[in-house]
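[1] How does the following fold in three dimensions:
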Amino acid sequence: MSAHPPELARRIRAAGRILADARRVRDSLSPREAALLAYRPGGPSVDELTEMNERWRAEALAARSAQAAA
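    Residues are numbered from 1 along each chain as shown. A predicted model of the protein is given here:
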């Protein structure tokens, strides 16, 4: 398997930083506030997005707890 070109690696790191920044913003809001910002007509409802945010937060908390216990 060949190594990725440096430009591709740079772009992947940049995308990772953008994703991490977006998650920090989302996590600084209540699940409902994040859902209201994420809502787009034709997509999931605000209630569905709120439930998704709540589930993701619970999963992240469980994962952090498991890592801390290991």
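[2] pLDDT on stretch 35-52, on average?
    What stretch 35-52 shows for mean pLDDT is 97.
[3] Can you measure across that stretch, start residue to end residue?
    9 Å (C-alpha to C-alpha, to the nearest Å).
[4] Help me confirm that residue 32 comes into contact with residue 50.
    Yes - here residue 32 lies in contact with residue 50, judged by C-beta atoms under 8 Å, at a distance of 5.1 Å. To be clear about C-beta, it is placed using only N, CA and C from the backbone, and glycine gets the same treatment.
[5] Which of these two has more residues huddled nearby?
    residue 50 (20 against 14; other C-beta atoms under 10 Å).
[6] Which parts of this protein are strands?
    With DSSP state E as the criterion, the chain has no strands.
[7] Would you map the helices across it?
    Applying DSSP state H to the chain gives helices spanning 6-28, 31-38, 46-69.
[8] quick one: pLDDT of residue 65?
    91.
[9] which phi and psi does residue 42 have?
    Dihedral pair for residue 42: phi 90, psi -10, per degrees, to the nearest 10.
[10] how many other residues sit next to it?
    Residues near residue 42, counting by other C-beta under 10 Å: 4.
[11] List the contacts of stretch 23-32.
    The set of residues external to stretch 23-32 that reach it, using C-beta atoms under 8 Å, 6 or more residues apart in numbering, is 34, 37, 38, 46, 50, 53, 54, 57.
[12] one more time with 7 Å
    34, 50, 53, 54, 57 (C-beta atoms under 7 Å, 6 or more residues apart in numbering).
[13] Show me which positions of it end up buried.
    26, 31 (16 or more other C-beta atoms under 10 Å).
[14] and what of stretch 49-67?
    Buried residues in stretch 49-67 (16+ other C-beta under 10 Å): 49, 50, 53.
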